[in-house]
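Visitor: missing the sequence, but the structure's below:
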């Protein structure tokens, strides 16, 4: 009844009817195409023969899990302007179902309960301050008749917290803040005591008071009913740069931490900080898994996480004590984790105080939100890992921007080089992997290399299988024991979501949301050759399935005729303004991401059209809000000049391309 399948969030299915011997007989049982080409990140949830999913813009759908007949749909009608506050697309990762209700978080900060049978709204509560750039993209969790939900927005500037609401009424039961109160006052919340005792004294300076500090709880949660502890992953600080956020001093609790609380009251139990004084967007919001492992001949209750910083952590989940931590991908920021203190052994140059630092991993992480899985059968954890470097550069004079990202590192460094050889070398540094990780021995047992990074979440099964989609548009079944590819289905559209496995009337099904999006395409669009955005689909498979999905009508957007198009702007100045304000949505070098490729957009043909969008906000209903107050009309024209220059370069390169390559 939850996206993680069980409280321990193992994402392991005990079903065995689809196995290594017959998986080649999988075929499409049914599919549904959605009305959006934005990212699809939800894990389907099946309860009593009904399959529930969420799509972009926080819409919810219910289908007959056997036939695919749509039973109902609910649109929370999120204001399009809220899309501006979503750092990484207008996505949603799913629902929770409990006692006849379906619960989900909307992008605008509402937590909504629906009648599971009809899709009618039962209650709705605003969990955030609508005036601030909070968002919700994560799935809620139900624990002891309470629905828990966090939020995002740390790149923009908010103060993180997690809240628990009564499932029947929507009344808030408790709230735990994960960063100190900027006013220095208690909140009247369960977090007050630990904030006073341990957390507040780890923050310095005044910038964090202006930005809120970050530390948002935007994704992972797990629960141990025997210990009666809920575990939460906490995100990055605001700004990323610790030198700016906290004068380069202090651990900044509970940024980049795993937090253990009592679900009835929100009472603090313990914490473990994966990246003290975090300065690289190394969140600890990545998937948390609970399992019982045999270590040194003794069964121990452990918590496992592979956060962005590249270390795989095994903790005692009763106490938070570190058991082991090893790097599961190459890293440059630290050489290891001290087994006594639990703190990383850092490379001093990684903090980029006096010089830029090219780091692995970058802010997209060694492992991002994409769910991993623990197989009770193999004892392995299957991690959707990636290599995505980034050059961090200290901004000398940081100023808080209330209408944009506040990271404290120079995003100009993310621009793509013009030189083909340099670009090819850069592309070679980006890659994706599926790693089968032994959490006892702390080493990889097998690895599947992906040509592109930002690949999908996984599920493992007692049939000896691991299912994962990928960026290039394939849904694949691997042998869980050795990584052998046993079956694949061409989805055409890329996949980032994790699959779900369920059984109904004696038949076993595998369901996956198809639709590429999220933060990865900010860079991956270039690595993928600017793959076009395609409508999202829900695809459900079974043995002997005979359904067929029509081929996508892939749009071909012709190059603009730039003959006679003029601009008074300064392209060099526009390069800086674009990468400071636009690239996180429109991609480096205006390459296109989960938003349109501006080099092919009609709006760059005239200065008036471009100004009407960037300054006047005529497309605000689509999420493109006005940048007036952040950018001047001259800035807008400089950006237009830069985009025109990039469009011309692209056209020249296309014209010079051999016909066979085209």
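Guide: That came through fine. As the structure is a prediction and not an experimental result, all values here were calculated from the model. Residues are numbered from 1 along each chain as shown.
Visitor: what's the neighbour count on residue 393?
Guide: As a burial measure, residue 393 scores 18 neighbours (other C-beta atoms under 10 Å). For glycine as for every other residue, the C-beta is placed from the backbone atoms N, C-alpha and C.
Visitor: residue contacts, the residue nearest to it when sequence neighbours are not counted?
Guide: Using C-beta to C-beta, 6 or more residues apart in numbering and skipping the chain neighbours, the partner closest in space to residue 393 is residue 410 (3.9 Å). Contacts for residue 410 (C-beta atoms under 8 Å, 6 or more residues apart in numbering) come out as 356, 393, 394, 395.
Visitor: could you flag which of those residues are buried?
Guide: The neighbour count (16 or more other C-beta atoms under 10 Å) marks 393, 394, 395 as buried among those.
Visitor: nearest to residue 366 among these?
Guide: residue 393 (20.8 Å; C-beta to C-beta).
Visitor: hang on, the earlier thing: pipe the buried ones among the contacts of residue 410 into TSV and attach secondary structure per row.
Guide: Output for the buried ones among the contacts of residue 410, formatted as TSV (DSSP: H, G, I helix; E, B strand; the rest coil):
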residue	secondary structure
393	coil
394	strand
395	coil
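Visitor: so can I have TSV of these showing distance to residue 565 and pLDDT?
Guide: Shown next, in TSV, are the buried ones among the contacts of residue 410 (distance: C-beta to C-beta, whole Å; pLDDT from 0 to 100):
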residue	distance to residue 565	pLDDT
393	33	93
394	38	93
395	34	89
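Visitor: reformat those as JSON lines; add distance to residue 135.
Guide: Formatted as JSON lines, the buried ones among the contacts of residue 410 follow (distance: C-beta to C-beta, whole Å):
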{"residue": "393", "distance to residue 135": "27"}
{"residue": "394", "distance to residue 135": "28"}
{"residue": "395", "distance to residue 135": "24"}
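Visitor: before we move on, the earlier item: ok, now how distant is the residue nearest to residue 393 from residue 388?
Guide: With distances taken as C-beta to C-beta, to the nearest Å, residue 410 is found 17 Å from residue 388.
Visitor: got the domain boundaries for this structure?
Guide: Domains of the chain are assigned by automatic domain parsing as 12-543, 571-656.
Visitor: the residue nearest to residue 463 when sequence neighbours are not counted sits in which helix or strand?
Guide: Spatial nearest neighbour of residue 463, chain neighbours left out: residue 19 (3.5 Å); criterion: C-beta to C-beta, 6+ apart. Per DSSP states H and E: residue 19 is located in neither a helix nor a strand.
Visitor: next one: residue 644
Guide: Going by DSSP H and E, residue 644 is in helix 633-656.
Visitor: now that helix, how far from the chain's geometric center?
Guide: Computed by C-alpha atoms, centre = their mean, to the nearest Å, the chain-centroid distance of helix 633-656 equals 30 Å.
Visitor: and for stretch 301-313?
Guide: The answer for stretch 301-313 is 16 Å, by C-alpha atoms, centre = their mean.
Visitor: how about the strands in the stretch 301-450 of the chain?
Guide: Per DSSP state E, counting those that start in this stretch, the stretch 301-450 of the chain carries strands over the ranges 311-316, 322-327, 334-337, 344-346, 357-359, 373-374, 381-387, 390-392, 431-438, 443-450.
Visitor: check which helices and strands the fifth one is in contact with.
Guide: Taking 3 or more C-beta pairs under 8 Å, 6 or more residues apart in numbering; DSSP states H and E as the contact definition, the neighbouring helices and strands of strand 357-359 are strand 390-392.
Visitor: relative to residue 546, how far out is residue 408?
Guide: Residue 408 is 55 Å from residue 546, by C-beta to C-beta.
Visitor: who has more neighbours out of those two?
Guide: residue 408 (24 against 8).
Visitor: I'd assumed residue 459 was in contact with residue 372.
Guide: No. At 9.8 Å, residue 372 does not count as touching residue 459 under the criterion of C-beta atoms under 8 Å.
Visitor: what is in contact with the two at once?
Guide: Common neighbours of residue 372 and residue 459 (C-beta under 8 Å, 6+ apart) are residue 11.
Visitor: nearest to residue 623 among the buried ones among the contacts of residue 410?
Guide: Comparing every one of the buried ones among the contacts of residue 410 with residue 623 (C-beta to C-beta), the shortest separation belongs to residue 395, at 26.4 Å.
Visitor: tally of neighbours for the residue nearest to residue 434 when sequence neighbours are not counted?
Guide: Using C-beta to C-beta, 6+ apart and skipping residues adjacent in sequence, the residue nearest residue 434 is residue 448, 4.2 Å away. Other residues near residue 448 come to 19 when the count uses other C-beta under 10 Å.
Visitor: still on that earlier bit, and which of the buried ones among the contacts of residue 410 is nearest residue 157?
Guide: residue 395 (15.1 Å).
Visitor: OK, contacts around that closest one?
Guide: When contacts are counted by C-beta under 8 Å, 6+ apart, residue 395 touches 241, 244, 408, 409, 410.
Visitor: reformat those as TSV; add pLDDT and distance to residue 513.
Guide: What follows is those, written out as TSV (pLDDT from 0 to 100; distance: C-beta to C-beta, whole Å):
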residue	pLDDT	distance to residue 513
241	97	35
244	96	37
408	94	34
409	92	32
410	84	35
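Visitor: which of those residues lies closest to residue 480?
Guide: Closest to residue 480, out of all of the contacts of residue 395 and judged by C-beta to C-beta, is residue 409, at 39.1 Å.
Visitor: for the closest residue to the closest one other than its chain neighbours, what are its contacts?
Guide: In space, and not counting its chain neighbours, residue 409 is closest to residue 392: 4.9 Å by C-beta to C-beta, 6+ apart. Listed by C-beta under 8 Å, 6+ apart, the contact partners of residue 392 are 241, 279, 280, 350, 352, 356, 357, 358, 359, 409, 413.
Visitor: in terms of helices and strands, where is the second one?
Guide: When you say that, I think you mean residue 279. Using DSSP H and E, residue 279 falls outside every helix and strand.
Visitor: which pLDDT value goes with the nearest residue to it once chain neighbours are set aside?
Guide: Using C-beta to C-beta, 6+ apart and skipping the chain neighbours, the partner closest in space to residue 279 is residue 242 (3.9 Å). Per-residue pLDDT puts residue 242 at 98.
Visitor: hang on, residue 242 packs against residue 278?
Guide: Yes. Using C-beta under 8 Å, residue 242 is in contact with residue 278, at 6.7 Å.
Visitor: joint contacts of the two?
Guide: Contacts common to residue 242 and residue 278, judged by C-beta under 8 Å, 6+ apart, are residue 252.
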